[in-house]
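> Model the following, please.
(4 chains)
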Amino acid sequence: MSVSVQEADFDAGAEIAALSAGREDVGAVASFVGLVRADKQAEKVGAGDTAPVQAMTLEHYPGMTEKALEAIAAEARGRWDIFGVRVIHRVGRLLPGDRIVLVAVASAHRGEAFAACEFIMDYLKTRAPFWKKEETAAGGRWVDARESDDHAAGRWERD
Amino acid sequence: MSVSVQEADFDAGAEIAALSAGREDVGAVASFVGLVRADKQAEKVGAGDTAPVQAMTLEHYPGMTEKALEAIAAEARGRWDIFGVRVIHRVGRLLPGDRIVLVAVASAHRGEAFAACEFIMDYLKTRAPFWKKEETAAGGRWVDARESDDHAAGRWERD
Amino acid sequence: MTVSNVLCFFLPMNVKILFFAGLREALGTASESLALPAGVVTVGALRDQLAARGEPWVALANMKNLRVAVNQQMVGLDAPLKAGDEVAFFPPVTGG
Amino acid sequence: MTVSNVLCFFLPMNVKILFFAGLREALGTASESLALPAGVVTVGALRDQLAARGEPWVALANMKNLRVAVNQQMVGLDAPLKAGDEVAFFPPVTGG
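Below is the predicted model:
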């Protein structure tokens, strides 16, 4: 289980390969890469304002961020029979098309790998202390949290 | 939308990156890599036989395979708002730890990317004409279809 | 009458039959071209016709979960068959 | 009495307070160290104490969906607070 918060970009293929390297029991690696969209702002401020995002700055809470990501990965390991988890989240200034986050999960079977990967992304979106500030021609603007993200994370709550 | 059936290995990172290259509207790339497990045979023949898989040979139906994969990808594009799909399935003789299949899906949002990626894998498992033959110390053996795969594909059936 | 005219007359009466995986091995052949016998108008009838050849062809009748494709589309045993079709028999698929 | 004895006595009375993202910008500060006032025993009471400073601190009271972490764990406003804690106030998170 490995979590990184870093300014540097990552190589998704190398990270995915590392999860099964030297092993013969991994049958499935599910992964997710999140990227900066230029059209994000348009969606937030309504049809009238379509200012494209020119850049995005990711702020985080050093120390707590790593702990939160470790806790999310540990929770996934408790719920599913998975062999390895890799989470990389970038911080600092990013441009449209840049990679923001990688989540990759290795398991024997695809069902568990997919479920754990989606679970980690959903929880990361609501529990890990990162904040995005978008720059458009109109200035900078902190991104509002999405209700749909709370909803997505809520799917995994146990009764 | 792009489908390949090939003997050669693939670079998952390069394929994932290609789905968002030059675009600023892709916010999410979900992907899956399937690999040869050495312990596959043990699971199939019961607790008494734990002969590890030494190699696996993948046979396919040239022509139909590509059509089936294209049809599965097209079905996914009809169901979800996704921008790109990449499917690579290897054939020929593979060893434990070798990559077998890649499915990667790009979308604006992670929910659609994950759903389409898992849908394509589930349908590929039941609709695409590939057959696996495992080699163990005890000889060669064609892999039986799994009921759980039919069940997984059945989740996506519309009423 | 030229040779090509003769070919045009006879070839469309044939179906191309393919076998894959364990079935291919059991039958000892990957494909054949067969003049579609009179009265064989469905995939199931063709399967029965082949199985009636005796060993090892009875495998086609005995196999649970036999899968069939006509012109590279998965179909049921009741699917219609016509001269010129490509018919494939195989076990349930196990890729991915 | 040595200097180190004095430090041992006074430092644990402080809480470290952190602010992030839009809240950090609104307050014009990222962190402060504060002697925990008598009677302030919950995160909510600390929030109220800070907000009572007036502008721009009232933002802490006015902000919908204010999130709080104590010692790097997300908690509710009713969470207990003690000297030596690290308290962080921030808007809902938006990473990923």
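
> List the contacts of residue 83.
Defaulting to chain A. Taking Cβ atoms under 8 Å, 6 or more residues apart in numbering or on different chains, we find residue A:83 in contact with A:19, A:23, A:25-26, A:106-108. For glycine as for every other residue, the C-beta is placed from the backbone atoms N, C-alpha and C.

> Please refer instead to chain C.
Residues counted as contacts of residue C:83 (Cβ under 8 Å, 6+ apart) are C:12-15, C:36.

> which of the contacts of residue A:83 has the most neighbours?
residue A:106 (27 neighbours; other Cβ atoms under 10 Å in any protein chain shown).

> Verify the contact between it and residue A:22 for me.
No: judged on Cβ atoms under 8 Å, residue A:106 makes no contact with residue A:22 at a distance of 11.9 Å.

> coming back round to it: closest to chain B among the contacts of residue C:83?
residue C:15 (15.5 Å; Cβ to the nearest Cβ).

> List the pairing partners of the one helix or strand that closest one maps to within its sheet, with orientation.
Taking DSSP states H and E as the definition, one finds residue C:15 inside strand C:14-19. Each strand paired with strand C:14-19, and its direction, by DSSP bridges: strand C:31-35 (antiparallel), strand C:86-90 (parallel).

> Comparing those, which comes out most buried?
Mean neighbour count (mean count of other Cβ atoms under 10 Å in any protein chain shown) peaks for strand C:86-90 among the strands paired with strand C:14-19, with a mean of 21.

> How many residues are close by residue 94?
No chain was given, so I picked chain A. Residue A:94: 20 neighbours (other Cβ under 10 Å).

> meant chain C actually
Neighbourhood size, residue C:94 [other Cβ under 10 Å]: 22.

> could you point out which element follows the lowest-mean-pLDDT helix or strand in chain A?
None of the helices or strands of chain A scores lower by mean pLDDT, DSSP states H and E than helix A:40-45, at a mean of 55. Later in the chain than helix A:40-45, the nearest helix or strand by DSSP H and E is strand A:55-60.

> Other residues contacting that following strand?
Everything outside strand A:55-60 that qualifies as a contact, by Cβ under 8 Å, 6+ apart, is A:5, A:36, A:40, A:89-96, A:100, A:129-135, A:140, D:20-21, D:24, D:95.

> Now do it: distance to the chain's middle.
Distance of strand A:55-60 from its chain centroid, counting by Cα atoms, centre = their mean, to the nearest Å, is 14 Å.

> any idea of the angle it forms with strand D:86-90?
150 degrees (axes from the mean of the first three to the mean of the last three Cα atoms, to 10 degrees).

> Strand A:55-60 pairs with which strands?
If you go by DSSP bridges, strand A:55-60 pairs up with strand A:92-94 (antiparallel), strand A:130-136 (antiparallel).

> Just put the ones you listed in TSV and tack on mean pLDDT.
Listed next are these as TSV, based on pLDDT from 0 to 100:
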stretch	mean pLDDT
strand A:92-94	98
strand A:130-136	96
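
> So which of those is nearest residue C:87?
strand A:92-94 (54.6 Å; Cβ to Cβ).

> roughly how far out does that closest one sit from the chain middle?
Strand A:92-94 has its C-alpha centroid displaced from the chain centroid by 15 Å (Cα atoms, centre = their mean).

> try stretch A:114-125
Mean-position distance between stretch A:114-125 and its chain equals 8 Å (Cα atoms, centre = their mean).

> Stretch C:20-30 too?
Centre-to-centre, stretch C:20-30 and its host chain are 12 Å apart (Cα atoms, centre = their mean).

> And stretch C:73-88, by the same measure?
8 Å.

> What's the end-to-end length of that stretch?
One end of stretch C:73-88 sits 9 Å from the other (Cα to Cα, to the nearest Å).

> pLDDT below threshold where in chain A?
Counting by pLDDT under 70, chain A contains low-confidence ranges at A:1, A:40-50, A:159.

> Helices of that one, start to end?
Under the criterion DSSP state H, helices of chain A are mapped to A:12-20, A:40-45, A:64-79, A:110-127, A:147-154.

> Need the winner for burial among the ones you listed.
Greatest average neighbour count among the helices of chain A goes to helix A:110-127 (a mean of 24), per mean count of other Cβ under 10 Å.

> give the contact list for residue 30.
Picking chain A for this. Contact analysis of residue A:30 by Cβ under 8 Å, 6+ apart lists A:104-105, A:107, A:110, A:113-114, A:116-118, B:30-32, B:117.

> not quite, I wanted chain C
Counting by Cβ under 8 Å, 6+ apart, residue C:30 touches C:18-20, C:24.

> try 10 Å this time
Counting by Cβ atoms under 10 Å, 6 or more residues apart in numbering or on different chains, residue C:30 touches B:59, C:17-20, C:23-24.

> do residue C:51 as well
Residue C:51 makes contact with C:57-63 under the criterion Cβ under 10 Å, 6+ apart.

> which residue does chain A bring closest to chain B?
For chain A, Cβ to the nearest Cβ, closest residue to chain B: residue A:13, 2.0 Å.

> for that residue, what are its contacts?
For residue A:13, the contacting residues are A:31, B:10-17, B:31, B:33, by Cβ under 10 Å, 6+ apart.

> Please name the nearest non-neighbouring residue to it.
Spatial nearest neighbour of residue A:13, excluding adjacent residues (Cβ to Cβ, 6 or more residues apart in numbering or on different chains): residue B:13 at 2.0 Å.

> I figured residue A:128 hits residue D:95, correct?
Yes: look at residue A:128 against residue D:95 with Cβ atoms under 10 Å: they come within range, at 5.4 Å.

> which residues do these two both contact?
What both residue A:128 and residue D:95 touch, as defined by Cβ under 10 Å, 6+ apart, is the set A:5, A:60, A:65, A:68-69, A:89, A:101.

> Quick check: the farthest pair among the residues you listed?
Taking Cβ to Cβ, no two of the shared contacts of residue A:128 and residue D:95 sit farther apart than A:68 and A:101, at 13.3 Å.

> Need the overlap of contacts for these two.
Listed as contacting both residue A:68 and residue A:101 by Cβ under 10 Å, 6+ apart are A:124, A:128, A:130, D:95.

> Between those, which sits nearest residue C:28?
The nearest one, if we look at those relative to residue C:28 and count by Cβ to Cβ, is residue A:124, at 55.2 Å.

> any idea how far chain C is from the closest one?
Distance, residue A:124 to chain C, by Cβ to the nearest Cβ, to the nearest Å: 28 Å.

> got it, and residue A:33?
Distance, residue A:33 to chain C, using Cβ to the nearest Cβ: 21 Å.

> so that residue makes contact with residue B:18?
No: look at residue A:33 against residue B:18 with Cβ under 10 Å: they stay out of range, at 11.9 Å.

> Mutual contacts of these two, please.
Taking Cβ under 10 Å, 6+ apart as the contact criterion, the residues that touch both residue A:33 and residue B:18 are B:29, B:104, B:106.

> Dig out what the second one forms beta bridges with.
Residue B:104 has these beta-bridge partners by DSSP bridges: residue B:31, residue B:86.

> Let me see the contact set for residue C:90.
By Cβ under 10 Å, 6+ apart, the neighbours of residue C:90 are B:59, B:61, B:64, B:129, B:131, C:18-24, C:63, C:66-69, C:74.

> repeat for residue C:57
Contacts for residue C:57 (Cβ under 10 Å, 6+ apart) come out as C:26-27, C:29, C:47, C:49-51.

> at 6 Å instead, please
With contact set as Cβ atoms under 6 Å, 6 or more residues apart in numbering or on different chains, residue C:57 has these partners: C:50-51.
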